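Engineer: Here is the input, now give the coordinates:
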Amino acid sequence: MAGEVYFDNNATTRVLPEVAEAMLPFLTEFYGNPSSIHRFGSQVGQKIADARAQVAALIGAADPIEVIFTSSGTEGDNAAIRGMLEARPDKRHIVTTQVEHSAVLGLCQHLEKKGYRVTWLGVDENGALDLEELRAALSEDTAVVSIMWANNETGVVFPIEQIGSIVRARGIPFHVDAVQTAGKLPLQVKDLPVDLVTISAHKFYAPKGIGALYVRRGITFSPFMIGGHQERNRRAGTENVAAIIGMGKAAEIALGRLAEDALRIGKLRDLLETLLLESCPGSRVNGKGQDRLPNTSNISFRYLEGESMLVLLDQQGICASTGSACTAGSAEPSHVLRAMKVPADWLQGAVRFSLSRFSTEEEVRYVNQMVPAIVQRLHGLSALGKLGQQERSQPDPGSSSTVGIRG
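Structural biologist: Reported below is the predicted structural model:
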């Protein structure tokens, strides 16, 4: 088929035309600073308030003022965790999981070096948490619990309501990274035992460089960005107005299409898995036994390298990934799959296909048409490589060990 098959939507999504159209006036006509007192600035401030309400509606917040605009999911995660630690300086313990996005994983590793104690909760072979392990990890010294809503590599969804109930019973702040969840699953944070929630706009068809952090009213929160009085003194810095408007518009559209998109995209995801498992016998779906995001499929091809597959897929116009875009280029196997104890012969050959509302059945069938040939080719190259190694290990006819021997 002509064109490009983009199945890497967990890395980023296409900006909707309606979103780009909503943003354009704030790059050209309405360029005032929203903090200015004059009407040219205040009219922009009102539009930001409208966008805040749209984002609050998407995640089901009780009040738009609980939404703080950030530059990204990474900033939101950092602001949430650091904010809880700074507000509770006498507590030095953090609880998180081994399968978090690098925004949380890297921060907690950094904090460990600074003297904080971190409990890293494990997962089973399906990617599920042991809630009793969580319960046992909590202590009087725990400052914050940070657990993702849905995994960015496998799509496995964690039982946030159950987790939150356990954490809240101990009076501990609970942060949730919902970057992959917002715009894909219904969220009603006001009805859940969660205190801080991170989302990112470019995962639901808005521009990069804009995100939001939900902070439940009443939670003591120390700002991460210090300076001006923006965002009610909770995040300093002149607002990225056009991107905020775009995020609000995308949130409004996503909210109206949640059920429709989840049903249609989920069927395409299931079709992709069915076809690939049939056409590629040495394949498996990681996390298949768990509740997963409707758009995400992580498939391992036995004895192969995912990076090699991506190169050959790209030559056929197919965009996929081996995991998080934030860890692309790393030679290390996925920390998520290692935590799931995926066997070594399946570990390196994982490819993540993440679909969107633009994905079609034709694209799914095209991917299935291309992948088996790529798998066969890589297996052939692997066999040739092993044969070459065997030949190199044979005695050299010209070496001293064979002198005098005739055929």
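
Engineer: Let me see the ranges of the helices in the stretch 1-150 of the chain.
Structural biologist: Taking DSSP state H, counting those that start in this stretch, the helices of the stretch 1-150 of the chain run over residues 17-23, 25-28, 39-59, 73-87, 102-113, 131-137.

Engineer: which of the ones you listed sits most buried?
Structural biologist: helix 73-87 (a mean of 23; mean count of other CB atoms under 10 Å). C-beta: built from backbone N, CA, C; applies to glycine.

Engineer: follow-up on the earlier one: show me the one of the helices of the stretch 1-150 of the chain that comes nearest residue 252.
Structural biologist: helix 39-59 (4.7 Å; CB to CB).

Engineer: So which residue is dead centre in the chain?
Structural biologist: Centrality entry for the chain: nearest residue to the mean C-alpha point is residue 152, 3.3 Å, by CA atoms, centre = their mean.

Engineer: and residue 13, what does it touch?
Structural biologist: 202-205, 356 (CB atoms under 8 Å, 6 or more residues apart in numbering).

Engineer: correction: residue 269
Structural biologist: Neighbours of residue 269 in contact, by CB under 8 Å, 6+ apart: 294-297, 353, 355.

Engineer: Could you give the separation of the strand or helix carrying it from the chain centroid?
Structural biologist: Assessed by DSSP states H and E, residue 269 sits inside helix 241-279. Distance of helix 241-279 from the chain centroid (CA atoms, centre = their mean, to the nearest Å) equals 14 Å.

Engineer: Give me the buried positions along that helix.
Structural biologist: Neighbour-count burial for helix 241-279 flags 241-255, 261-262, 264-266, 268-269, 272-273, 275-276 (criterion: 16 or more other CB atoms under 10 Å).

Engineer: residue boundaries of the strands in the stretch 251-400 of the chain?
Structural biologist: 283-285, 296-301, 318-319, 350-354 (DSSP state E, counting those that start in this stretch).

Engineer: between the ones you listed, which gets nearest to residue 130?
Structural biologist: Using CB to CB, the nearest of the strands of the stretch 251-400 of the chain to residue 130 is strand 296-301, at 20.8 Å.

Engineer: for the closest one, packing partners?
Structural biologist: helix 241-279, strand 283-285, strand 350-354 (3 or more CB pairs under 8 Å, 6 or more residues apart in numbering; DSSP states H and E).

Engineer: Quick check, pLDDT for residue 359.
Structural biologist: Confidence at residue 359, expressed as pLDDT, is 98.

Engineer: Not counting sequence-adjacent ones, nearest residue to it?
Structural biologist: residue 268 (5.6 Å; CB to CB, 6 or more residues apart in numbering).

Engineer: Kindly report the same for residue 96.
Structural biologist: The nearest residue in space to residue 96 (CB to CB, 6+ apart) is residue 146, at 4.7 Å.

Engineer: Wait, that neighbour touches residue 101, no?
Structural biologist: No: look at residue 146 against residue 101 with CB atoms under 8 Å: they stay out of range, at 10.4 Å.

Engineer: Quickly list what's touching both of the two.
Structural biologist: With CB under 8 Å, 6+ apart, residue 146 and residue 101 have common neighbours 77, 177.

Engineer: of these two, who's got more company?
Structural biologist: Looking at residue 146 and residue 101 with other CB atoms under 10 Å, you find the greater number of neighbours at residue 146, namely 26 against 22.

Engineer: Residue 218: which of the strands of the stretch 251-400 of the chain is closest?
Structural biologist: Closest among the strands of the stretch 251-400 of the chain, once you apply CB to CB, is strand 296-301, at 33.9 Å.

Engineer: what angle do the closest one and strand 350-354 make?
Structural biologist: 150 degrees (axes from the mean of the first three to the mean of the last three CA atoms, to 10 degrees).

Engineer: ok, the residue lying closest to residue 184 once chain neighbours are set aside - how many residues close by?
Structural biologist: Distances taken as CB to CB, 6+ apart put residue 293 closest to residue 184, at 5.5 Å, once the chain neighbours are dropped. Neighbour count for residue 293, taken as other CB under 10 Å: 26.

Engineer: what do you get for residue 237?
Structural biologist: 14.

Engineer: got the contact list for it?
Structural biologist: Residue 237 makes contacts with 225, 227-228, 230, as judged by CB under 8 Å, 6+ apart.

Engineer: One more: residue 342?
Structural biologist: Counting by CB under 8 Å, 6+ apart, residue 342 has contacts 125, 286, 300, 350.

Engineer: Count the residues that sit near the closest residue in space to the third one that isn't next to it in sequence.
Structural biologist: It stands for residue 300. Setting aside the residues directly before and after it, residue 300 is nearest to residue 346 in space (CB to CB, 6+ apart), at 4.1 Å. By other CB under 10 Å, 19 other residues sit near residue 346.

Engineer: Next one: residue 346 from residue 269, what distance?
Structural biologist: From residue 346 across to residue 269, the span is 20 Å (CB to CB, to the nearest Å).

Engineer: And for residue 139?
Structural biologist: From residue 139 to residue 269 the distance is 40 Å (CB to CB).

Engineer: and what of residue 20?
Structural biologist: 27 Å.

Engineer: can you check residue 48 too?
Structural biologist: Taking CB to CB, one finds residue 48 at 35 Å from residue 269.
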